[in-house]
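Participant: 3D, please:
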Amino acid sequence: MSVPPDSITVVTETDELLRRVATRALSESPHLPAPVPEARLAEAEGRLGFPLHPLLARLYREVADGGFGPDYRLLPLLGPDESVVGEYLARREEPGEHPMWPEGIVPVLTWGCAMYAAVDCFDENGQVLLFEPNAYAGGPWDGCWFHDSGSLAAWLGTWLAGTGWYEEDARDGDGAAEPQAWDRAASRLSAEA
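Facilitator: Model (predicted):
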């Protein structure tokens, strides 16, 4: 017996990753916010002025409107309090001689102390960056940007595996790679000047 082609469901690596993320998210927070409807996603992207990275959009559309992920958990996409869109727009409007926040990089999680995990929506893989402004001494902000992961998928994988640099057990062993200075920070920030 043959199966009609339109009845075959192909499960991709991304689908499997989203399934694993949703399973862990629900196990840690049984009362997650509802996923973001298409209209709300379109509103967020309209306010940002660019589309979210496809995997990031799927997380919000298929898992939940934030409330899951490493430590402090992903921010909601839109909202009156801290949100991806609100924090991005606020960081982009910061006054000063030197731009602080590059275009297309959205803060998705606060680590506390003004630090953020951010996804580069202009990068094909959705690289994840760390913004750490606490050592800022004036001048350009490029020294405050660090490369955390080459892709959003890999960053989520370290969270699922418990091997992120922010995990106490991972820091005690040899497995967690510390974020390194982001070599494109100066060029991305200078494009803003």
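Participant: quick one: the strands in the protein, in order.
Facilitator: Counting by DSSP state E, the chain has strands at residues 105-112, 115-120, 128-131, 145-149, 180-181.
Participant: with mean pLDDT, distance to residue 81 and mean neighbour count as extra columns, can I get those in TSV?
Facilitator: Placement of C-beta: from N, CA and C, glycine included. Shown next, in TSV, are the strands of the chain (pLDDT from 0 to 100; distance: least, CB to CB, whole Å; neighbours: other CB atoms under 10 Å):
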stretch	mean pLDDT	distance to residue 81	mean neighbour count
strand 105-112	96	11	20
strand 115-120	97	15	24
strand 128-131	98	19	24
strand 145-149	97	24	22
strand 180-181	93	31	10
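Participant: nearest to residue 90, of these?
Facilitator: strand 105-112 (9.2 Å; CB to CB).
Participant: may I have the closest one as PDB, with CA atoms only?
Facilitator: Output of strand 105-112 as PDB, limited to C-alpha atoms (Å, rounded to 0.1, in the frame of the first residue of the first chain):
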ATOM      1  CA  ILE A 105      19.700  42.500  17.300                       C
ATOM      2  CA  VAL A 106      16.800  41.900  19.600                       C
ATOM      3  CA  PRO A 107      17.200  41.300  23.400                       C
ATOM      4  CA  VAL A 108      15.400  38.100  24.300                       C
ATOM      5  CA  LEU A 109      16.400  37.600  27.900                       C
ATOM      6  CA  THR A 110      17.800  39.700  30.700                       C
ATOM      7  CA  TRP A 111      20.600  38.200  32.800                       C
ATOM      8  CA  GLY A 112      20.100  41.000  35.400                       C
END
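Participant: list the helices and strands that strand packs on?
Facilitator: Judged by 3 or more CB pairs under 8 Å, 6 or more residues apart in numbering; DSSP states H and E, strand 105-112 is in contact with helix 84-92, strand 115-120, strand 128-131.
Participant: quick one: that strand to strand 145-149, angle?
Facilitator: 90 degrees (axes from the mean of the first three to the mean of the last three CA atoms, to 10 degrees).
Participant: partners of strand 105-112, with directions?
Facilitator: strand 115-120 (antiparallel) (DSSP bridges).
Participant: what does the partner strand contact?
Facilitator: Contact with strand 115-120 is made by 52-53, 56, 70, 87, 104-111, 126-134, 148, 152, 155, as judged by CB atoms under 8 Å, 6 or more residues apart in numbering.
Participant: which residues of the chain fall in helices?
Facilitator: With DSSP state H, the ranges of helices along the chain come out as 13-28, 38-48, 54-58, 84-92, 152-161, 168-172, 185-190.
Participant: would JSON lines of the strands of the chain with distance to residue 16 be doable?
Facilitator: Converted to JSON lines, the strands of the chain look like this (distance: least, CB to CB, whole Å):
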{"stretch": "strand 105-112", "distance to residue 16": "21"}
{"stretch": "strand 115-120", "distance to residue 16": "20"}
{"stretch": "strand 128-131", "distance to residue 16": "19"}
{"stretch": "strand 145-149", "distance to residue 16": "18"}
{"stretch": "strand 180-181", "distance to residue 16": "28"}
